[in-house]
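Undergrad: Requesting a structural model of the entry that follows:
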Amino acid sequence: MTPTATRLVKITAFMSVCASVTYVAHIVSQEVAYVHAKVNRSTSTDTKQQELRWPEPAALPELRVTPLKTSERLGTDDR
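TA: The predicted model follows:
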């Protein structure tokens, strides 16, 4: 390799390392800010968690189990 090509490879590698470190620092700072906001959240500004429920018209009907007739019971044959 020529000295110019070697120098360009070194510069490219250095720039890649700098970009990687910057990206990781950015992600870590976002995560720290998120955790800090969660930990220091005031209880007076907290909203109550609502229980997730189906609206009544969309609710599934209850399953009903009817007693089986004697001839429909397992193990009973009418033969």
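Undergrad: For the chain, give me the ranges with low pLDDT.
TA: Applying pLDDT under 70 to the chain picks out residues 42-50, 53-79.
Undergrad: All the helices of it, in order from the start?
TA: Ranges of helices in the chain, per DSSP state H, are 3-39.
Undergrad: Now do Glu51 against Gln30, distance only.
TA: Between Glu51 and Gln30 the distance is 31 Å, computed by CB to CB, to the nearest Å. Placement of C-beta: from N, CA and C, glycine included.
Undergrad: typo on my end, Val21
TA: Applying CB to CB to Val21 and Gln30 gives a distance of 15 Å.
Undergrad: same check, this time on Ala13
TA: Applying CB to CB to Ala13 and Gln30 gives a distance of 26 Å.
Undergrad: do Met1 as well
TA: 40 Å.
Undergrad: Please apply the same query to Val24.
TA: Val24 sits at a distance of 11 Å from Gln30 (criterion: CB to CB).
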